[in-house]
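K.L.:
can't give you the sequence, but here's the structure:
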């Protein structure tokens, strides 16, 4: 595929995302995808449409078509698309009715198991980390991929608690994949990035939220591209770990702390890394710090080898330092006087 063709597809993807974002309120009302503020975790000022993921979905569909047209195996892309569509449905259901976390985790494991079992070509026989290849066999690597991808997707979803954060993470990873992978997967990453860039502009100002549709659907597609990159030899497992270190380490810390407080590891709260950073340096600086930390990891992953090992250790140390020493957010109990105001929905344009 020529550069001009990729640019044209990116423009179409951006236009599709812009259309959905421009029509955000009618679409959100029709699909019942409105996020209402409350007094505990959802502290945004107005009812906000959860259509960011929907806005990227046309870009992903176009990316899959172009990937096949550029030489990717059509059966593998079809299975990846079907699995990603399944994650979009999970996200849509969770945005509407709040699926129990244990059930959501089981569905996530099942979908990633389906992806790995139906596309054995995505599973290499060696685990490569820091330039060192460890022969484990395709079956063992497939099992590791199922659990690792499920955990990473949960961490991605947990990061979706600040304007611009989760969208920014996905955009950074797509940029890395576009720069690191060969055709046809590089073009798929570029097209997806074009849709994400438009959503990011709306998300930064709280006009659109990515929602679980986006965190699960777009997150699953990006993880699928990472697995595809490993299968072609363009990247290795160490580079994937480097890309995902910050949200995954934060997720592990968070689940341990919740368990120590006697809560379920899946209980929602405001003790994520982005909440701690906001308390320490403010909203916009915290976003810059978080994305810069992940961006530095992506830069190290681009060089690969032992740069990945150094970046993983450095990122884990920074996240742990903030979690151990950073200021904590005081949890606020829900008051009957501050329950979500459903009447706000009718006041929006």
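P.N.:
Nice, thanks for sending it over. In this text, all values refer to a predicted model and were calculated from it rather than measured experimentally. Numbering: from 1, shown residues only.
K.L.:
Is the residue most central in space within the chain in a helix, a strand, or coil?
P.N.:
The residue lying closest to the centre of the chain (Cα atoms, centre = their mean) is residue 219, at 3.6 Å. Assigned by DSSP: H, G, I helix; E, B strand; the rest coil, the conformation of residue 219 is helix.
K.L.:
got the contact list for it?
P.N.:
The neighbourhood of residue 219, defined by Cβ atoms under 8 Å, 6 or more residues apart in numbering, consists of 87, 152-153, 156-157, 170. Yep, even glycine has a C-beta here, placed from its N, CA and C like the rest.
K.L.:
if I look at it, how far off is residue 59?
P.N.:
Per Cβ to Cβ, to the nearest Å, residue 219 is found 14 Å from residue 59.
K.L.:
what's the answer for residue 286, then?
P.N.:
Residue 286 sits 28 Å away from residue 59 when distances are taken as Cβ to Cβ.
K.L.:
Neighbours of the closest residue to residue 184 other than its chain neighbours, how many?
P.N.:
Nearest non-adjacent residue to residue 184, counting by Cβ to Cβ, 6 or more residues apart in numbering: residue 70, 3.2 Å away. Residues within reach of residue 70, counting by other Cβ atoms under 10 Å, total 17.
K.L.:
residues near residue 239, how many?
P.N.:
By other Cβ under 10 Å, the residues close to residue 239 number 29.
K.L.:
which parts of the host helix or strand of it are buried?
P.N.:
Using DSSP states H and E, the secondary-structure element containing residue 239 is helix 237-260. Residues of helix 237-260 classed as buried by neighbour count (16 or more other Cβ atoms under 10 Å): 237-255, 258.
K.L.:
Then stretch 272-286?
P.N.:
Neighbour counts using 16+ other Cβ under 10 Å place 272-278, 286 of stretch 272-286 among the buried residues.
K.L.:
Would you confirm that residue 291 contacts residue 167?
P.N.:
No - the pair residue 291 and residue 167 fails to qualify as a contact (Cβ atoms under 8 Å) at a distance of 10.1 Å.
K.L.:
more neighbours, those two?
P.N.:
Summary of the neighbour comparison: residue 291 and residue 167, criterion other Cβ under 10 Å, with residue 167 having more neighbours (29 against 18).
K.L.:
Setting the sequence-adjacent residues aside, check what's closest to residue 113.
P.N.:
residue 146 (5.1 Å).
K.L.:
Read off the pLDDT value for that neighbour.
P.N.:
We have a pLDDT of 93 for residue 146.
K.L.:
In which helix or strand does it reside?
P.N.:
Here residue 146 is covered by helix 138-158, with elements defined by DSSP H and E.
K.L.:
packing partners for that helix?
P.N.:
Other helices and strands packing on helix 138-158, by 3 or more Cβ pairs under 8 Å, 6 or more residues apart in numbering; DSSP states H and E, are helix 101-118, strand 126-129, helix 165-180, helix 211-232, helix 237-260.
K.L.:
Residue 4: which of those is closest?
P.N.:
Distance to residue 4, taken as Cβ to Cβ, is lowest for helix 165-180 among the helices and strands packed on helix 138-158, at 15.9 Å.
K.L.:
Okay, buried residues for that closest one please.
P.N.:
Neighbour-count burial for helix 165-180, counted by 16+ other Cβ under 10 Å, picks out 165-178, 180.
K.L.:
Repeat that for stretch 19-26.
P.N.:
Residues 20-21, 24-25 are the ones in stretch 19-26 that count as buried (16+ other Cβ under 10 Å).
K.L.:
Not counting that stretch itself, show me its contacts.
P.N.:
27, 49, 51-52, 54-55, 58, 198-199, 202, 207-208, 348-349.
K.L.:
chain center to the helix holding residue 146: distance?
P.N.:
Once both centres are worked out by Cα atoms, centre = their mean, to the nearest Å, helix 138-158 turns out to sit 13 Å from its chain's centre.
K.L.:
for stretch 179-189, same thing?
P.N.:
18 Å.
K.L.:
mind checking the end-to-end distance for it?
P.N.:
Distance between the boundary residues of stretch 179-189 (Cα to Cα, to the nearest Å) amounts to 9 Å.
K.L.:
What mean pLDDT does that stretch get?
P.N.:
Taken as a whole, stretch 179-189 has an average pLDDT of 93.
K.L.:
Could I get the phi/psi values of residue 234?
P.N.:
Summarising the backbone geometry of residue 234 under the convention degrees, to the nearest 10, its torsions are phi -70, psi -30.
K.L.:
hang on, isn't it packed against residue 179?
P.N.:
No - with contacts defined as Cβ under 8 Å, residue 234 does not count as touching residue 179, sitting 10.3 Å away.
K.L.:
Understood, closing this out.
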